[in-house]
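In: Just to be clear, the model below is a prediction. Sequence and coordinates:
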Amino acid sequence: MEIEASSVLETTKQDASALGSCMQRKFVPAPIWTEAMLAALQTGVKGGKWHSLIDKVSRPETLGLGWIQVERNAGAAGVDRMSVERFAQGRDCYLAELAQALRDGSYRPQPVRRVYIPKGKGRRPLGIPAVKDRVVQAALKLVIEPIFEHEFEPRSYGFRQGLGCKDALREVDQYLKAGHCWVVDADLQSYFDTIPHASLLAKVGNRIADGGVLELVQRFLKQDIMEDMKRWTPMSGSPQGAVISPLLANIYLHELDVEMREAGLVMVRYADDAVVLCRSREEAESALARMRAWVSANGLTLHPDKTHVGDCRVKDQGFEFLGYRFEAGQRWVRKKSLMSLRDKIRIKTKRNEGNSIDCVIAALNPTLKGWYGYFKHAHRFTFSAIDGFVRRRLRAMNRPGFGGGSNL
């Protein structure tokens with residue numbers, strides 16, 4: 001039977017626009033979850049595991065919502081070179097094909113295109129799935145996320161609807177002010193690249209019994225990676241850049257969140273960036289030992305040079321979290337964040353670009369406004385230093401010989 005995907009798209013756009021507010025309340029739009037399923041989130045399901053979910057992933061309504069999210073996020077093309085714009089032109093046909101392939105079991109994701117983006121002094125690998133696969137991942141996420149979201153710990157902030165960096169930082173501030181100044185600064189080494197597949201599938205399987213969904217998750221984990229002319233199958237990890245990866249990353253670390261809470265410890269986590277806020281050195285060292293044991297038992301590794309215990313009231317014993325450095329009773333911007341901003345300013349203030357000063361300032365303002373907005377709680381010295389740096393760059397551009405523009 002032929003699917004009228006165009007009509008589905010029209011009826012699901014309103015659901016997509018309401019998705020954010022719904023997910024903040026841990027609900028999903030009605031075309032995906034029935035009232036009975038929503039009620040089961042509160043009361044629980046028989047045996048604690050969910051069945052019959054794959055048919056909901058393949059529904060035109062779900063794929064339609066998935067496509068709208070992918071279109072909204074845009075992004076680069078995958079290995080098939082199909083752009084979001086090109087998919088949009090044939091969306092009805094493509095969505096119908098995906099629905100049919102999911103129903104008859106013939107769906108196979110294409111390899112992930114690996115690219116690299118700058119990270120500090122090095123590079124971070126990023127996996128770019130094909131647009132079609134991003135649509136299926138988004139649909140899968142819409143179906144299974146509420147099951148896990150309902151159980152996630154309140155101090156887990158990364159990649160969750162309605163939560164963000166500022167919420168995590170606010171929580172850290174709250175406990176520091178309450179005297180939790182001995183801090184475990186934990187760094188999971190290459191976390192996204194080293195998540196053991198078998199253990200991750202087992203954790204997903206603790207709540208989902210649908211074989212079709214579990215097989216789909218496994219196929220996404222085992223997607224071949226293509227880099228230049230090389231192609232290989234990953235033995236571990238979930239590629240950063242995949243739609244489903246953030247959810248899987250939170251699922252894997254959820255048991256650590258629970259263990260730390262049940263031990264009476266305050267751990268604030270944003271994806272793989274976590275701090276444990278304690279009242280004494282002894283408590284902090286015990287927390288680190290507990291974390292090491294869990295991490296080791298679950299096939300992960302704490303970075304030996306970036307994981308430490310310190311009293312953040314003391315100089316040189318602070319910790320870094322989400323771009324900030326907490327030290328000696330102050331909030332500072334960490335050096336990497338400062339250097340990153342300076343690099344962006346340098347790029348926008350090159351003398352050989354030929355733009356007027358007014359154009360340069362107009363290009364700089366959004367960058368500075370966003371940066372200042374995020375780091376507004378940092379020590380004020382930071383802002384005067386950046387202000388001075390910007391003024392020096394602009395004065396250099398305005399010297400004789402620079403191509404046009406107004407005076408400052």
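Out: Happy to help now that I have it.

In: how about the strands of the protein, start to end?
Out: For the chain, the strands defined by DSSP state E cover 112-119, 122-128, 182-187, 225-227, 230-232, 266-270, 273-278, 308-311, 319-321, 324-327, 330-333.

In: so can I have a markdown table of those strands showing mean neighbour count and distance to Lys141?
Out: Quick note: C-beta positions are derived from backbone N, CA and C, even for glycine. Converted to a markdown table, the strands of the chain look like this (neighbours: other C-beta atoms under 10 Å; distance: least, C-beta to C-beta, whole Å):
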| stretch | mean neighbour count | distance to Lys141 |
| --- | --- | --- |
| strand 112-119 | 15 | 16 |
| strand 122-128 | 16 | 16 |
| strand 182-187 | 23 | 27 |
| strand 225-227 | 17 | 21 |
| strand 230-232 | 10 | 26 |
| strand 266-270 | 23 | 19 |
| strand 273-278 | 25 | 21 |
| strand 308-311 | 17 | 35 |
| strand 319-321 | 20 | 27 |
| strand 324-327 | 22 | 30 |
| strand 330-333 | 19 | 33 |
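
In: Now distance to Arg346 and mean pLDDT too, for those, in CSV please.
Out: Listed next are those as CSV, based on distance: least, C-beta to C-beta, whole Å; pLDDT from 0 to 100:
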stretch, distance to Arg346, mean pLDDT
strand 112-119, 14, 89
strand 122-128, 19, 88
strand 182-187, 28, 96
strand 225-227, 29, 95
strand 230-232, 34, 95
strand 266-270, 29, 98
strand 273-278, 27, 98
strand 308-311, 32, 98
strand 319-321, 23, 97
strand 324-327, 22, 96
strand 330-333, 17, 94
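
In: tell me which helix or strand of this structure sits lowest on mean pLDDT?
Out: helix 19-24 (a mean of 40; mean pLDDT, DSSP states H and E).

In: how many other residues sit next to the residue nearest to Tyr372 when sequence neighbours are not counted?
Out: Leaving aside its chain neighbours, Tyr372 sits nearest to Phe383 (6.8 Å; criterion: C-beta to C-beta, 6 or more residues apart in numbering). Close neighbours of Phe383, defined as other C-beta atoms under 10 Å, add up to 16.

In: Give me the pLDDT for Phe383.
Out: We have a pLDDT of 90 for Phe383.

In: And it, how close does it get to Leu341?
Out: Applying C-beta to C-beta, to the nearest Å, the value for Phe383 to Leu341 is 11 Å.

In: which stretches of the stretch 251-400 of the chain form helices?
Out: 281-297, 335-348, 357-374, 380-397 (DSSP state H, counting those that start in this stretch).

In: Let me have those helices in JSON lines, extended by distance to Ala202.
Out: Converted to JSON lines, the helices of the stretch 251-400 of the chain look like this (distance: least, C-beta to C-beta, whole Å):
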{"stretch": "helix 281-297", "distance to Ala202": "13"}
{"stretch": "helix 335-348", "distance to Ala202": "35"}
{"stretch": "helix 357-374", "distance to Ala202": "37"}
{"stretch": "helix 380-397", "distance to Ala202": "45"}
